[in-house]
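1. any chance you could fold what I've pasted below:
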Amino acid sequence: MYKKQLPIKILNVFGRMDRGGAETGAMQVLRRIDKSKFQYDFLTLKEGPGYFDAEIEKLGSRIYYLKKRSNPFLFYKELKKLFKTVGPYPIIHSRVHHYSGFILFMAKQLGIPVRIAHSHSATPPSRGLTKLLRYPYYFVTKVLIKQYATAGLAVSKVAAESLFGKNWEKNPKFKVIYTGIDLLPYRERKELNLKQDLNLPDDSIVIGHVGSFRVAKNHIFLLKIFRELYQKDQRFHLLLCGTGPLKNAMENLSKELQITSNVHFLGLRNDIPQLMLNVMDMFVLPSIYEGLPHVGVEAQAAGLPCFFSDKVTREIALIDHLVRFLPIDQGEKLWVDAIYALVEKNKLKKDPTAYRKIQDTEFDVEVGAQKLIEFYLKAYEDSFRS
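-> Just a heads-up that it's a prediction; the model follows:
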């Protein structure tokens, strides 16, 4: 039986604490949460340390490692052993999409009263044999989530539908919370020579993209768009920030397309806000699927013209005059023409006050993080009432 006491212990479950949108959002909460009221800890299911592990421990939180196994009975045995050692945790917040079904089922068996499933992404589109093979897994995990989650959160409506079903809005235990971004870095443009540091000509026209090198981000399409732009005007340069399993393949593709001189693979960066404010002239995100990409909110906060795939939820369009949605199933020409039109019409000026339009909305991390903290408190109190 759980006792009502402070600090309230919350265990966040992730694959690994790398620099993804969900992980960054959780860190934004950790940096703001009242440590006298909450113990905000983490459990990761993939081998190897994550980008944020050291900061998590520095901020006084704990991080545990438990490799996800194909044998759920063996995994449950190891999870039970871990909880006997480090528990009890009255709140478990699982952020591993469909696999949360298994996590929350196990949490129920372990007597954890507050069990949260959090959807940070849309389900990848699948066809043919892949769809047939994945269907049983999706079906079973959704049933488990519906049965064993005491609450379900999502970063957007499309992410909610992906994990909780088309009628999710009719169930009061499912809701959307936009955790938001930290606007402070976007309030002041520092005078930095970043173009010079990146060996970019003063007259370069810089397209920016931030995202992991995975199928969802559609880098192949992006590189083909850029090839057409480069052939029109060699002042165009493309900045690709991030890492991931497809990075080497994209580097090879840029060689095949003969655009390597103007495509810059920057890896993981700690200065994305200043790159957006000082270097990028526009931001392009041609994703195949997304939950709600916070980097798109950041690009708007920096005042950049943004081109998003029509697969990205419209909830992200916070500053209408900066955002345009384009289809990804009608070829590159539509994108090339739309991007090049900005140059021809001399519309590359950033909006220096754009961040003010996001301030104090749910996409401001100060607002979004507080909403999540209030949600934890209410869920904790309700668990004792019931």
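2. I figured residue 22 hits residue 94, correct?
-> No. Contact criterion Cβ atoms under 8 Å: residue 22 and residue 94 do not qualify, at 11.3 Å. Using the backbone N, CA and C atoms, a C-beta is placed for each residue, glycine as well.
3. overlap in contacts of these two?
-> Contact criterion Cβ atoms under 8 Å, 6 or more residues apart in numbering; residues shared by residue 22 and residue 94: residue 118.
4. if I look at residue 35, how far off is residue 60?
-> 6 Å (Cβ to Cβ, to the nearest Å).
5. kindly report the same for residue 53.
-> Per Cβ to Cβ, residue 53 is found 14 Å from residue 60.
6. next: residue 15.
-> 23 Å.
7. pLDDT value on residue 1, please?
-> With respect to pLDDT, residue 1 scores 54.
8. now do the contacts for residue 63.
-> Residue 63 neighbours (Cβ under 8 Å, 6+ apart): 17, 41, 42, 43, 44, 53, 56, 57.
9. put the buried members of those residues into a ChimeraX selection.
-> Selecting only the buried entries of the contacts of residue 63 in ChimeraX, with 16 or more other Cβ atoms under 10 Å as the criterion:
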select :17,41,42,43,44,53,56
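10. can you give me the strands in the stretch 151-300 of the chain?
-> In the stretch 151-300 of the chain, the segments counted as strands under DSSP state E, counting those that start in this stretch are 151-154, 174-176, 205-210, 236-241, 263-267, 282-285.
11. mean pLDDT and mean neighbour count added to these, as a markdown table?
-> Below are these laid out as a markdown table (pLDDT from 0 to 100; neighbours: other Cβ atoms under 10 Å):
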| stretch | mean pLDDT | mean neighbour count |
| --- | --- | --- |
| strand 151-154 | 97 | 24 |
| strand 174-176 | 96 | 19 |
| strand 205-210 | 98 | 24 |
| strand 236-241 | 98 | 23 |
| strand 263-267 | 97 | 16 |
| strand 282-285 | 98 | 23 |
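12. any chance of the ones you listed in CSV, with distance to residue 225 too?
-> Below are the strands of the stretch 151-300 of the chain laid out as CSV (distance: least, Cβ to Cβ, whole Å):
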stretch, distance to residue 225
strand 151-154, 30
strand 174-176, 31
strand 205-210, 9
strand 236-241, 9
strand 263-267, 12
strand 282-285, 7
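13. out of those strands, which gets nearest to residue 134?
-> strand 151-154 (20.1 Å; Cβ to Cβ).
14. so what does the closest one touch, helix or strand wise?
-> strand 114-119, helix 157-164, strand 174-176, helix 365-385 (3 or more Cβ pairs under 8 Å, 6 or more residues apart in numbering; DSSP states H and E).
15. change it to 6 Å
-> Here strand 151-154 is seen to pack against strand 114-119 when contacts are counted using 3 or more Cβ pairs under 6 Å, 6 or more residues apart in numbering; DSSP states H and E.
16. where does the stretch 101-250 of the chain have low pLDDT?
-> 124-131 (pLDDT under 70).
17. now the helices: where do they sit in it?
-> Here the stretch 101-250 of the chain has its helices, by DSSP state H, counting those that start in this stretch, at 128-148, 157-164, 194-197, 219-232, 247-256.
18. let's have those helices in a markdown table, adding distance to residue 380 and mean neighbour count.
-> As requested, these are exported to a markdown table (distance: least, Cβ to Cβ, whole Å; neighbours: other Cβ atoms under 10 Å):
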| stretch | distance to residue 380 | mean neighbour count |
| --- | --- | --- |
| helix 128-148 | 18 | 14 |
| helix 157-164 | 22 | 22 |
| helix 194-197 | 45 | 14 |
| helix 219-232 | 42 | 20 |
| helix 247-256 | 42 | 14 |
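19. can these go into JSON lines with extra columns for distance to residue 281?
-> Shown next, in JSON lines, are those (distance: least, Cβ to Cβ, whole Å):
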{"stretch": "helix 128-148", "distance to residue 281": "38"}
{"stretch": "helix 157-164", "distance to residue 281": "29"}
{"stretch": "helix 194-197", "distance to residue 281": "11"}
{"stretch": "helix 219-232", "distance to residue 281": "12"}
{"stretch": "helix 247-256", "distance to residue 281": "20"}
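20. show residues contacting stretch 103-119.
-> The contact list for stretch 103-119 (Cβ atoms under 6 Å, 6 or more residues apart in numbering) reads 13, 76, 79, 83, 90-95, 100, 144-145, 148-154, 159-160, 162-163, 379, 383.
21. repeat for stretch 327-338
-> 224, 225, 228, 229, 286, 309, 310, 326.
22. among those, which one lies nearest to residue 195?
-> residue 229 (18.3 Å).
23. once you drop chain neighbours, what's closest to the closest one?
-> In this structure, residue 229 finds its nearest non-sequential neighbour in residue 236, 4.6 Å apart by Cβ to Cβ, 6 or more residues apart in numbering.
24. so what's the one you found up against?
-> Applying Cβ under 6 Å, 6+ apart, the residues near residue 236 are 205, 229, 230.
25. just residue 235 next, same as before
-> Counting by Cβ under 6 Å, 6+ apart, residue 235 has contacts 203, 204, 205.
26. now, among these, which is nearest to residue 194?
-> Distances from residue 194 to those, taken by Cβ to Cβ, are shortest for residue 204, at 11.5 Å.
27. so how many other residues sit close to the closest one?
-> For residue 204, the neighbour count with other Cβ atoms under 10 Å is 17.
28. I'd like the numbering to begin with 16 instead of 1 from here.
-> From this message on, residue numbering opens at 16, which makes the last subject residue 219.
29. so how far is residue 250 from it?
-> 6 Å.
30. neighbours around the closest residue to residue 51 other than its chain neighbours, how many?
-> Leaving aside its chain neighbours, residue 51 sits nearest to residue 22 (6.4 Å; criterion: Cβ to Cβ, 6+ apart). Residues lying near residue 22 (other Cβ under 10 Å) number 13.
31. just the pLDDT for residue 22.
-> Confidence at residue 22, expressed as pLDDT, is 94.
32. residue 327 contacts residue 304, doesn't it?
-> No. Using Cβ atoms under 6 Å, residue 327 is not in contact with residue 304, being 8.6 Å away.
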